[in-house]
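Chemist: I need the structure of the sequence given here:
(one chain, ligands or ions: 1)
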Amino acid sequence: MDRSELARAKRSHALKRKVDRELIAGSLAHYEDPAYYTSTYRRRIDDVQFYVSLATKNGGEMLEYGVGNGRIALPIARHGVRVTGIDHSATMLRDLRARIEDEPAAVARRITLHRGDMRTKRLGKKFSLVICSFNTALHLYTRADVEKFLACVRSHLSPRGRFVVDLSVPAIDDLTRDPKKAYTAPKFKHPSAGMVRYTEHFDYDSVRQVLFVSMEFHPIDRKIPTFSTPLAHRQFYPREWEALLHYNGFAVDRVDGDFHGGPLTNKSDVMVWHAKLRSGWR
Ligand SMILES: C[S@@+](CC[C@H](N)C(=O)[O-])C[C@H]1O[C@@H](n2cnc3c(N)ncnc32)[C@H](O)[C@@H]1O
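Modeler: Numbers count the residues shown, from 1 in each chain. Presented below is the predicted three-dimensional model:
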């Protein structure tokens, strides 16, 4: 290898490390502040009711990928269903464990947690229902990520089990925003920073199909410097996700456009996929 080849190899290695770092940060940072997470999504209840109803109808023990701090798993356990949760965020799992301590012993006993990566964690156990809730799958950035994840789901799904996953539909308005512009949202009270002015920058990489969002918090009444949190979300188009399920051993039973069983239309902002193992798949 001559000098210029070596320099090129070093540059490409450095670039790959930068790319990996921004994706790793974009899949972890938003989950480093569970109090903020809980307060931000406290009004998001349609998906919780949907998954509780799915879990109670299923009855048997279920697995949730991206269990987080239990926004969905805790209500399911309170409804009498045993839930196993996988998440790679130590911070979210710590918060969930603290919340479980405040629950009655019967509820606490129904929840089992594992820290691990959804692309690799194998529990050696089958479930009749596996869910991957609230955009957790948008942290699968490459085809290899998706394939590894779906292989794990297959290993955890009983032969007649159901796999349910909800994802945002790519929103053209978000993908076409000017990356240099700060988009302002209403002020609000942050759990630790007090009143903040809130801005967001959106930067869509149309080759990797990853939307990078920078959430910026500008404290108003406390002497705290502005801080920001990165979030990286892979954008899956409906037909692309359908193909990924199909070519990785799943048959789609149904796809809905909301959490009430409505159809997926051009106006839907969420897609809820119900799939099962494809018979005859190698
Ligand atoms: C949007 S949160 C959903 C949390 C919870 N299910 C809810 O609905 O509030 C996504 C979760 O996925 C987890 N996550 C992201 N990438 C992951 C990975 N590669 N393996 C395991 N968990 C991951 C995050 O730590 C986070 O808790």
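Chemist: surely A35 meets S192?
Modeler: Yes - using C-beta atoms under 8 Å, A35 makes contact with S192 at a distance of 6.6 Å. (Each C-beta comes from the backbone N, C-alpha and C, glycine too.)
Chemist: Now do the helices in this structure.
Modeler: Using DSSP state H, the helices of the chain run over residues 3-28, 34-40, 46-58, 73-78, 90-101, 105-109, 143-156, 172-175, 238-246.
Chemist: ranking the ones you listed by mean pLDDT, which is last?
Modeler: Ranked by mean pLDDT, the helices of the chain bottom out at helix 3-28, with a mean of 76.
Chemist: residues contacting Y36?
Modeler: 190-192 (C-beta atoms under 8 Å, 6 or more residues apart in numbering).
Chemist: For those residues, pick the one with the most neighbours.
Modeler: Highest neighbour count within the contacts of Y36: H190, with 21 neighbours (other C-beta atoms under 10 Å).
Chemist: Report the beta-bridge partners for the residue nearest to that residue when sequence neighbours are not counted.
Modeler: Closest residue to H190 apart from its sequence neighbours, by C-beta to C-beta, 6 or more residues apart in numbering: V196 at 4.7 Å. Beta-bridge partners recorded for V196 (DSSP bridges): F188, P219.
Chemist: V196 - how many residues pack around it?
Modeler: 20.
Chemist: And H274, by the same measure?
Modeler: Using other C-beta under 10 Å, H274 has 14 neighbouring residues.
Chemist: Give me the distance between it and the ligand.
Modeler: Separation of H274 from the ligand (C-beta to the nearest ligand atom, to the nearest Å): 17 Å.
Chemist: now I72
Modeler: Distance from I72 to the ligand, by C-beta to the nearest ligand atom: 5 Å.
Chemist: Centre-most residue in the protein?
Modeler: T136 (1.3 Å; C-alpha atoms, centre = their mean).
Chemist: so what's the closest residue to that residue other than its chain neighbours up against?
Modeler: Spatial nearest neighbour of T136, excluding adjacent residues (C-beta to C-beta, 6+ apart): G66 at 2.8 Å. Residues near G66 by C-beta under 8 Å, 6+ apart: 86-87, 118, 132-134, 136-137, 139.
Chemist: Equivalent analysis for V196, please.
Modeler: Contacts of V196 (C-beta under 8 Å, 6+ apart): 187-190, 217-220.
Chemist: Count residues in the vicinity of D2, would you?
Modeler: A count of neighbours around D2, defined by other C-beta under 10 Å, yields 7.
Chemist: L231 is nearest to which of the helices of the chain?
Modeler: Closest to L231 of the helices of the chain is helix 3-28 (C-beta to C-beta; 5.5 Å).
Chemist: which parts of the stretch 101-250 of the chain sit against the ligand?
Modeler: Residues of the stretch 101-250 of the chain lying near the ligand by C-beta under 6 Å from any ligand atom: 117-119, 133-136, 139.
Chemist: Please list only the buried members of those.
Modeler: With burial judged by 16 or more other C-beta atoms under 10 Å, the buried subset of those is 118-119, 133-136, 139.
Chemist: Stretch 90-101: which residues count as buried?
Modeler: In stretch 90-101, counting by 16+ other C-beta under 10 Å, buried: 91-93, 95-96, 99-100.
Chemist: Now flag whichever of those is closest to G124.
Modeler: Using C-beta to C-beta, the buried residues of stretch 90-101 come closest to G124 at L93, 20.0 Å.
Chemist: what's the closest one in contact with, if anything?
Modeler: With C-beta under 8 Å, 6+ apart, L93 has these contacts: 67, 69, 87, 113, 115.
Chemist: what's the distance between it and D102?
Modeler: Separation of L93 from D102 (C-beta to C-beta, to the nearest Å): 16 Å.
Chemist: Same check on C152?
Modeler: C152 is 31 Å from D102, where distance means C-beta to C-beta.
Chemist: okay, these two: which has more neighbours?
Modeler: Taking neighbours as other C-beta under 10 Å, C152 and D102 compare with C152 leading, 22 against 9.
Chemist: follow-up on the earlier one: any chance of the buried ones among the residues of the stretch 101-250 of the chain next to the ligand in JSON lines, with pLDDT and distance to R234 too?
Modeler: Shown next, in JSON lines, are these (pLDDT from 0 to 100; distance: C-beta to C-beta, whole Å):
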{"residue": "M118", "pLDDT": "98", "distance to R234": "13"}
{"residue": "R119", "pLDDT": "97", "distance to R234": "13"}
{"residue": "S133", "pLDDT": "98", "distance to R234": "16"}
{"residue": "F134", "pLDDT": "98", "distance to R234": "14"}
{"residue": "N135", "pLDDT": "98", "distance to R234": "9"}
{"residue": "T136", "pLDDT": "98", "distance to R234": "11"}
{"residue": "H139", "pLDDT": "98", "distance to R234": "7"}
